[in-house]
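J.: Output the structure for:
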Amino acid sequence: MSTNEVILTINLKDVKDASRRIRAPYAARFIKRVVARHVKVDEDKVKLNESLNNILWSRGIQKPPLKIKVKVTKREDGSVVVEYQG
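T.: Next up, the predicted model:
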């Protein structure tokens with residue numbers, strides 16, 4: 001079903017520059033931007049898996065992780081799914 005899979009380690013250190021109250025949502029948008037640039041699609045086609053979202057929010061809105069390892073899967077219809085890769 002999937003055509004391309006790649007594992008990326010994304011550095012979220014720049015998320016600390018955002019205001020404390022918006023860091024987790026900012027991290028989610030940042031991951032979408034990085035993945036979209038890497039697989040050359042629009043950000044609208046990138047979807048984050050629930051497990052990845054839970055990891056981003058696990059320590060609250062103010063303290064997302066500094067690094068995260070994700071598995072990026074580009075499907076044949078052009079959509080991209082990003083999953084947490086422990």
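J.: top helix in the chain by residue count?
T.: Assignment by DSSP state H gives helix 23-39 as the longest helix of the chain.
J.: Give me the contact list for stretch 75-86.
T.: If you take Cβ atoms under 8 Å, 6 or more residues apart in numbering as the criterion, stretch 75-86 is touched by 1-3, 7, 31-32, 35-36, 39, 41, 45-49, 51-52, 54-55, 68-74. Every residue, glycine included, has its C-beta placed from N, CA and C.
J.: And for stretch 41-53?
T.: Contacts of stretch 41-53 from elsewhere in the structure, counted by Cβ under 8 Å, 6+ apart, are 28, 31-33, 35-36, 68, 70, 74, 78-84.
J.: Show the model's pLDDT score for residue 46.
T.: The pLDDT attached to residue 46 in the predicted structure is 97.
J.: whoops, I mixed them up, residue 2
T.: According to the per-residue confidence, residue 2 scores 48 in pLDDT.
J.: tally of neighbours for the residue lying closest to residue 67 once chain neighbours are set aside?
T.: Counting by Cβ to Cβ, 6 or more residues apart in numbering, residue 67 lies nearest to residue 11, which is 5.6 Å off, once chain neighbours are set aside. Other residues lying near residue 11 total 11 when counted by other Cβ atoms under 10 Å.
J.: Now do the helices for the protein: every range, in order, please.
T.: Assigned by DSSP H, the chain shows helices spanning 23-39, 50-57.
J.: Of the contacts of stretch 41-53, grab the buried ones for ChimeraX.
T.: Under the burial definition 16 or more other Cβ atoms under 10 Å, those of the contacts of stretch 41-53 that qualify are selected in ChimeraX by:
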select :28,31,32,35,36,68,70,74,80,81,82,83,84
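J.: Among the contacts of stretch 41-53, which one sits closest to residue 20?
T.: For those, the residue nearest residue 20 by Cβ to Cβ is residue 28; the value is 15.8 Å.
J.: Looks like the closest one contacts residue 55 (just checking).
T.: No. Residue 28 sits out of contact with residue 55 when judged by Cβ atoms under 8 Å, with a separation of 10.6 Å.
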